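Enquirer: Turn this into a structure:
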Amino acid sequence: MNPLREKTEYFLTKGFFCILRLCPSVVIYGLCRGFAALFYTLGLRRRKMTLQNMQLALPNLSAKERQRMARASYDHFGQFMAESAMILAGKIDREKLQKMVDGEDISKLLELEKSTEKGILFITGHLGNFELLAHYTGTRLTRTGQVVARKGTNQRVDDRIVTPMRESFGNRVIYKERALPHVARALKRGEHVGLLIDIKSNHKQGVPVTFFDNKTYAIKSSAYLQIKLTPIVVPVSMARIGPKRYKLIVGDPVQWTDNGQPIEEQILELTQLHQTALEKLIRPYPEQWLWMHNRFKLMDARTRRRQKRKALRIAAKDA
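Expert: Residues are numbered from 1 along each chain as shown. Predicted coordinates:
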């Protein structure tokens, strides 16, 4: 990036958050929720994708029910934007965070932490407030946590604003590019790592799974790490239960032992277990999941043939 542009963007961003720090929370929530409602109204392509995804995943809902849920989903992410902005502006600190969260389930994670010298791999998705989830566990668990994040285009903004905010609650940042080796080393050191496993994938990067009764693709990194390093793998989420109120939800650890099958087959089976665990977290709070991305991209005929040939090769190798 051009140095002048980088500096200009940094000072504008810094100035914006200084102004934001002076604004009442009710104003920030109102602006962000209003923007989300406007985006729902004007963003035709994303709205269409949201409703199509809901029709695929939740076919029992009527068209009006899907529309209501879609609006609620956009409104939820408007509140998510408001809270993310307030964290960046320093308006939500550790003390306020503790008051916002019903953290009864943290005892489950503390017990798991005591039971192993290895790190814990947390799997979650774009559900509830996943940023608050990372911050809250970072303040409550005794070991260092690592969060995988996308690196921004402005190095100065990243280094001086975004990364210090992310690390102010006790976590460290692993950037998404070539993250897997860093994640593996962190788990070996006994540190905890959180992964978002609901991102869009394809036949090159992921494996075929069934998600909300639909065939799609899912990233396989969490399954690969569990098979290779045998950490405890726990599905978690931070669900909104009221205005400025959240609940930490900790699912049962995903169990796995080497079944003697080829590694590709084990990764396929375990990835399905991870996606099923994530779906179980989403179903009670569907309006809090990010429906507006192309998560249910269906396999075309060519891809289905490729997967069939692959399955036949694995079967022939096992014979």
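Enquirer: Tell me where the stretch 51-200 of the chain has helices.
Expert: 63-88, 94-100, 106-115, 130-140, 155-157, 163-167, 180-188 (DSSP state H, counting those that start in this stretch).
Enquirer: Quick check: which of those is buried the most?
Expert: Comparing these by mean neighbour count (mean count of other Cβ atoms under 10 Å), helix 130-140 comes out on top with a mean of 22. Every C-beta, even on glycine, is put in place using the N, C-alpha and C of the backbone.
Enquirer: Report the angle between that one and helix 106-115.
Expert: Going by axes from the mean of the first three to the mean of the last three Cα atoms, to 10 degrees, helix 130-140 is angled at 60 degrees with respect to helix 106-115.
Enquirer: contacts for helix 130-140?
Expert: With contact meaning Cβ atoms under 8 Å, 6 or more residues apart in numbering, helix 130-140 is reached by 80, 83-84, 87, 94, 97-98, 100-101, 103, 106, 109-110, 122, 124, 145, 147, 166, 169-171, 192, 194, 196, 236-238, 246, 248.
Enquirer: Repeat that for stretch 36-54.
Expert: 61, 66-67, 69-71, 73-75, 77-78, 81, 286, 291-296.
Enquirer: hmm, 7 Å instead?
Expert: 61, 66, 69-71, 73-75, 77-78, 291-292, 294-296 (Cβ atoms under 7 Å, 6 or more residues apart in numbering).
Enquirer: again with stretch 101-110
Expert: 136-137, 140-141, 241, 246-250.
Enquirer: for the protein, which strand is longest?
Expert: strand 232-242 (DSSP state E).
Enquirer: Strand partners (parallel or antiparallel) of that one?
Expert: Here strand 232-242 is paired, per DSSP bridges, with strand 120-124 (parallel), strand 245-250 (antiparallel).
Enquirer: Serialize those strands to JSON lines and add fields for mean neighbour count, distance to S201 and mean pLDDT.
Expert: Converted to JSON lines, these look like this (neighbours: other Cβ atoms under 10 Å; distance: least, Cβ to Cβ, whole Å; pLDDT from 0 to 100):
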{"stretch": "strand 120-124", "mean neighbour count": "25", "distance to S201": "14", "mean pLDDT": "97"}
{"stretch": "strand 245-250", "mean neighbour count": "19", "distance to S201": "24", "mean pLDDT": "98"}
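Enquirer: Dump the ones you listed into CSV; add distance to I232 as well.
Expert: What follows is these, written out as CSV (distance: least, Cβ to Cβ, whole Å):
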stretch, distance to I232
strand 120-124, 5
strand 245-250, 11
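Enquirer: how far is the helix or strand containing T41 from where the chain is centred?
Expert: Counting by DSSP states H and E, the element that carries T41 is helix 25-42. Mean-position distance between helix 25-42 and its chain equals 22 Å (Cα atoms, centre = their mean, to the nearest Å).
Enquirer: average pLDDT across it?
Expert: Helix 25-42 carries an average pLDDT of 95.
Enquirer: Name the residues of it that are buried.
Expert: For helix 25-42, a neighbour-count test (16 or more other Cβ atoms under 10 Å) marks 28-29, 31-33, 36, 40 as buried.
Enquirer: repeat for stretch 57-64
Expert: 57-58.
Enquirer: got the end-to-end distance for it?
Expert: 15 Å (Cα to Cα, to the nearest Å).
Enquirer: contact partners of it?
Expert: 54, 69, 212, 214, 286, 296.
Enquirer: The fourth one: how many residues sit nearby?
Expert: Residue crowding around N214 was assessed by other Cβ atoms under 10 Å; the count is 15.
Enquirer: Report the two of the contacts of stretch 57-64 separated the most.
Expert: M69 and N214 (17.0 Å; Cβ to Cβ).
Enquirer: Let me have the buried residues of helix 25-42 in a markdown table, extended by distance to D258.
Expert: Shown next, in a markdown table, are the buried residues of helix 25-42 (distance: Cβ to Cβ, whole Å):
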| residue | distance to D258 |
| --- | --- |
| I28 | 50 |
| Y29 | 49 |
| L31 | 52 |
| C32 | 47 |
| R33 | 48 |
| A36 | 46 |
| Y40 | 47 |
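Enquirer: Pull the most distant pair out of those residues.
Expert: I28 and Y40 (18.9 Å).
Enquirer: Can you flag the weakest of the helices of the stretch 51-200 of the chain by average pLDDT?
Expert: helix 163-167 (a mean of 80).
Enquirer: Does that one pack against any helices or strands, and if so which?
Expert: Helices and strands touching helix 163-167, by 3 or more Cβ pairs under 7 Å, 6 or more residues apart in numbering; DSSP states H and E, are strand 171-175.
Enquirer: Could you check the angle the strand it packs on makes with helix 130-140?
Expert: Going by the same axes, to 10 degrees, strand 171-175 makes 130 degrees with helix 130-140.
Enquirer: Residues in contact with strand 171-175: which ones?
Expert: With Cβ under 7 Å, 6+ apart, strand 171-175 has contacts from 134, 138, 144-149, 151, 163, 166-167, 182-183.
Enquirer: Nice, that's everything, thank you.
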